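**Student:** Next input, structure requested:
(chains A and B, ligands or ions: 2)
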2 protein chains.
Amino acid sequence: DALSHGQFVTVYNFLSLVIAAQLFTAVFLVISLPRILPRYRNAITVAIVVCGIAAYHYFRIFDSFRSAFVTKSVGGTGTYTQAVGESFNEGYRYVDWLLTVPLLLVELVAVLALARKVQSQLLFRLVPAAALMIALGYPGEISGDNTVRGIFGILSTIPFLYILYILFSQLSKSLKNQPIEVRGTLSRLRFLLLLSWGVYPIAYLLPLLNIAGSDAWVYKQVGYSIADIVAKAVYALIIFRVAKMKSYADD
Amino acid sequence: DALSHGQFVTVYNFLSLVIAAQLFTAVFLVISLPRILPRYRNAITVAIVVCGIAAYHYFRIFDSFRSAFVTKSVGGTGTYTQAVGESFNEGYRYVDWLLTVPLLLVELVAVLALARKVQSQLLFRLVPAAALMIALGYPGEISGDNTVRGIFGILSTIPFLYILYILFSQLSKSLKNQPIEVRGTLSRLRFLLLLSWGVYPIAYLLPLLNIAGSDAWVYKQVGYSIADIVAKAVYALIIFRVAKMKSYADD
Ligand SMILES: CC1=C(/C=C/C(C)=C/C=C/C(C)=C/C=O)C(C)(C)CCC1
Ligand SMILES: CC1=C(/C=C/C(C)=C/C=C/C(C)=C/C=O)C(C)(C)CCC1
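**Tutor:** Ligands and ions are numbered 1, 2, ... in the order given. A predicted model of the protein is given here:
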């Protein structure tokens, strides 16, 4: 596929925006860590690691994008076509998710600071389900065949629904034991999670709906970029706010 | 040998996954270090160094892989063949192991926090045996001759069996002196070690079993990648958990 100059710079700038957002959310959290009570530091440490992993992968995605599209126009204002010998590696996203999606759930459970037993029970369900969801999506993503894509998409949706079920049923029970100040924030956090996570299966569906072409591809990259900022950086900042409020409440 | 596009991106993504896993396990441990009692910090520091060394070598392996295989296809979706003037350097793995395998054993002995004398006795046996095991494997790995490979493989297996003997006989004795909460974890850790370390000699055997071709090569790279994540990053996180539980128990 060919990209116009405008499409090329749009993707380019969004990818760079994500690098900056993830990297400096991590930096902010590293500097702010001492202001949190030790018992909530694990949640924030996991948040730092998640944003760091995302920054790493966006550096890679950015480089992959830059070398995958080339132009022969003077000043680079012409059409960009696919380079010889280089492919844009969409797989980095799945590698990233395989590590970060389970960790995002660890982050959420850690900030709740539940009893050790309840905590392990929740993680024992959420973490493998999250890894399975991503691992099942990957073969569909790299396959050129829409039937294969559809089958793995459905398989991957099973753990996805399971995760949402656990988050909205089991986790809601433990909201009652949280300090009153943070209950509202935590409850809204689940909806932010639902909204941002929902972007990924929708983007996955686009080729099945016969939405192809360079416009669809550009929207997909921009959509992933925004969803990644919300699901990781904004999410981390809300978790940080909860940890800070709980630190005050406990003190 | 030639790799299909699918094989190429599979190896590519696994190598990148290992970089991210090792690098951010190290970052996580650096940030979490102050939460461990000083007497267990040595174990975690060694774990950080091990994951750091692995990340460094995987950056190298990744770059070596990228320059060793090239394609002439537009968009990079065709067949990848070996580049002119570049070889894939499998030797990086042995350099990595020469440093990290002895350190993995140091890490394990350090977290046990045994009496100084018992500790030096164990390390005096384990560390040279580990270095010898890797050094003896190397000439076999780089030799194209299957007889040479076989001989050095057998020689290298002697220290390997010796290490396993020490871990399962001598080390088991000191389990009794560990806090009750961590005994189960430590005992399971030895099996994780056996399982992940066992991958390496099996991969070494493949050429002797006449299993060649690009599929075998891809499986070997993927197998090494998963084994390296388990043997270093997952292992480090379990050692961290033991150190944290012991810190609480001592407090
Ligand atoms: C259900 C489903 C999927 C779900 C993906 C999700 C939910 C990804 C979440 C990613 C996050 C949160 C990234 C971090 O920022 C796939 C794998 C696309 C495959 C199709 C079916
Ligand atoms: C027995 C044996 C070997 C053992 C290798 C091992 C046990 C390597 C362990 C590596 C680790 C643990 C890496 C870190 O993640 C060799 C050298 C392949 C040569 C053939 C015989």
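**Student:** Of all residues in the stretch 151-251 of chain A, which one is closest to chain B?
**Tutor:** Chain B sits closest to A:Trp217 of the stretch 151-251 of chain A, with a gap of 12.5 Å, by CB to the nearest CB. Where you see a C-beta, it was placed from the backbone N, CA and C, and this is true even at glycine.
**Student:** which bits of the stretch 51-200 of chain A sit near chain B?
**Tutor:** Within the stretch 51-200 of chain A, the positions near chain B by CB under 8 Å from any CB of the partner chain are A:52-53, A:56-57, A:60, A:68, A:81-87, A:89, A:91-92, A:94-96, A:98-99, A:142.
**Student:** Swap in 7 Å and give it another go.
**Tutor:** Residues of the stretch 51-200 of chain A lying near chain B by CB under 7 Å from any CB of the partner chain: A:52-53, A:56-57, A:60, A:82, A:84-87, A:89, A:91-92, A:95, A:99, A:142.
**Student:** Determine which two of the residues you listed are furthest apart.
**Tutor:** Maximum pairwise distance among those (CB to CB): 33.5 Å, between A:Gly52 and A:Val84.
**Student:** Those two: who's more crowded?
**Tutor:** Between A:Gly52 and A:Val84, counting by other CB atoms under 10 Å in any protein chain shown, A:Gly52 is the more crowded of the two (23 against 14).
**Student:** what helix or strand does the more buried one sit in?
**Tutor:** Take DSSP states H and E as the rule and A:Gly52 turns out to sit in helix A:38-68.
**Student:** Buried residues of that helix, list them for me.
**Tutor:** A:40-62, A:64-65, A:68 (16 or more other CB atoms under 10 Å in any protein chain shown).
**Student:** What of stretch A:21-31?
**Tutor:** A:21-23, A:25-26, A:28-30.
**Student:** Give me the contacts around that stretch.
**Tutor:** With contact meaning CB atoms under 7 Å, 6 or more residues apart in numbering or on different chains, stretch A:21-31 is reached by A:44, A:47-48, A:51-52, A:54-55, A:58, A:229, A:232-233, A:236-237, A:240.
**Student:** Next one: whatever residue of the stretch 1-150 of chain A ends up closest to ligand 2 from A:Asn42, what distance?
**Tutor:** Taking CB to the nearest ligand atom, ligand 2 has its nearest neighbour within the stretch 1-150 of chain A at A:Leu99, 17.8 Å off. According to CB to CB, to the nearest Å, A:Leu99 and A:Asn42 sit 17 Å apart.
**Student:** and stretch A:199-213, anywhere near ligand 1?
**Tutor:** Yes - using CB under 6 Å from any ligand atom, stretch A:199-213 reaches ligand 1 at A:200-201, A:204.
**Student:** For that stretch, which outside residues touch it?
**Tutor:** Here stretch A:199-213 makes contact (CB under 7 Å, 6+ apart) with A:137, A:141, A:146, A:149-150, A:153, A:157, A:160, A:216, A:220, A:223-224, A:227.
**Student:** got a winner among the residues you listed for most neighbours?
**Tutor:** Among these, A:Gly137 has the most neighbours (other CB under 10 Å), with 25 neighbours.
**Student:** and that one, what does it touch?
**Tutor:** By CB under 7 Å, 6+ apart, the residues touching A:Gly137 are A:94, A:152, A:156, A:204.
**Student:** what distance separates the start and the end of stretch A:171-185?
**Tutor:** Criterion CA to CA, to the nearest Å; first-to-last residue distance in stretch A:171-185 is 14 Å.
**Student:** Would you mind checking which of the contacts of A:Gly137 is nearest to B:Pro128?
**Tutor:** Set against B:Pro128, the nearest of the contacts of A:Gly137 by CB to CB is A:Tyr94 (41.8 Å).
**Student:** rewinding a little: what would the contacts of A:Gly137 look like in TSV with secondary structure, distance to B:Phe14 and pLDDT?
**Tutor:** As requested, the contacts of A:Gly137 are arranged in TSV below (DSSP: H, G, I helix; E, B strand; the rest coil; distance: CB to CB, whole Å; pLDDT from 0 to 100):
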residue	secondary structure	distance to B:Phe14	pLDDT
A:Tyr94	helix	11	95
A:Phe152	helix	19	96
A:Ser156	helix	20	97
A:Tyr204	helix	22	89
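**Student:** tell me which of the residues you listed is nearest to A:Val127?
**Tutor:** A:Ser156 (15.8 Å).
**Student:** Now do the contacts for the closest one.
**Tutor:** With CB under 7 Å, 6+ apart, A:Ser156 has these contacts: A:133, A:136-137.
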